[in-house]
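> Build me a structure from this.
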Amino acid sequence: MASPLNLIHPLLLLLISTVRSSTLPEVHDILAVFDLPVGILPDAVKSYTLSDTGDFTVTLESTCYVHFDDQLVYYDDQIKGKLSKGSVTDVSGIQAKKLFIWVSVTGMKVDEGDGTVVFYVGALSEKLPAKLFETVPRCGKKVGMRSAVVDAIGDYYLLGGC
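The predicted model follows:
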């Protein structure tokens, strides 16, 4: 029978090695600790800071675009906000394209009851399926050609084209 001391020893070694190497947990792991989906941030994270109060700054390698189903999202090279269990508030550095304009995302909240993530744009909000954010998305340097063409055609008709 295994002694409780035998289980403590490996955990203690892991803790000591983490402290010695001074490595921070990966930022997507931090999101999971706060009950947030890992896919709300792209893969190109260069560094991050997180205060005891939940204030954070994430620095990306560069600005980027990500498609979530039919939603196009732009990430600035620096994203800021405040983390709490199941939500992010005071967000800056993330924009979503709605019709033909870019709107700033100001907050996000997980709604476990219906399996969605609610995105706030000022006083307005939109729910998207949490499944869209289960995996960390790849950063794209440019808006996809298909999306750009579809958006241009849509913009043309919205602005009174034929």
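> where exactly do the helices run in this protein?
Taking DSSP state H as the criterion, the chain carries its helices at 4-21, 27-33, 145-158.
> Now tell me what touches the shortest one from outside.
Contacts of helix 27-33 from elsewhere in the structure, counted by C-beta atoms under 8 Å, 6 or more residues apart in numbering, are 25, 37, 38, 40, 41, 45, 48, 50, 58, 83, 136. Heads up, the C-betas are built off the backbone N, CA and C, glycines and all.
> Show me how to select, in ChimeraX, the buried members of those residues.
Written as a ChimeraX command, the selection of buried residues from the contacts of helix 27-33, which uses 16 or more other C-beta atoms under 10 Å, is:
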select :37,38,40,41,45,48,50,58,83,136
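> Point out the least confident member of the contacts of helix 27-33, please.
Lowest-confidence member of the contacts of helix 27-33: residue 25, scoring 88 (pLDDT).
> Give me the nearest residue to that one, chain neighbours excluded.
Distance criterion C-beta to C-beta, 6 or more residues apart in numbering; nearest residue to residue 25, sequence neighbours excluded, is residue 33 at 8.0 Å.
> from the contacts of helix 27-33, which is closest to residue 93?
Using C-beta to C-beta, residue 58 is the member of these that sits closest to residue 93, with 7.9 Å.
> If I follow the layout properly, the closest one ends up in contact with residue 78?
Yes: with contact taken as C-beta atoms under 8 Å, residue 58 and residue 78 are classed as touching, separated by 7.3 Å.
> Now the common contact residues for the two.
Taking C-beta under 8 Å, 6+ apart as the contact rule, the neighbours common to residue 58 and residue 78 are residue 93.
> Give the other helices and strands that whichever strand in the chain runs longest contacts.
Across the chain, the longest stretch assigned as strand under DSSP state E is strand 71-84. Judged by 3 or more C-beta pairs under 8 Å, 6 or more residues apart in numbering; DSSP states H and E, the packing partners of strand 71-84 are strand 55-60, strand 64-68, strand 87-98.
> With distance to residue 113 added, can I get those in JSON lines?
Formatted as JSON lines, those follow (distance: least, C-beta to C-beta, whole Å):
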{"stretch": "strand 55-60", "distance to residue 113": "26"}
{"stretch": "strand 64-68", "distance to residue 113": "21"}
{"stretch": "strand 87-98", "distance to residue 113": "14"}
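> Nice, that's everything, thank you.
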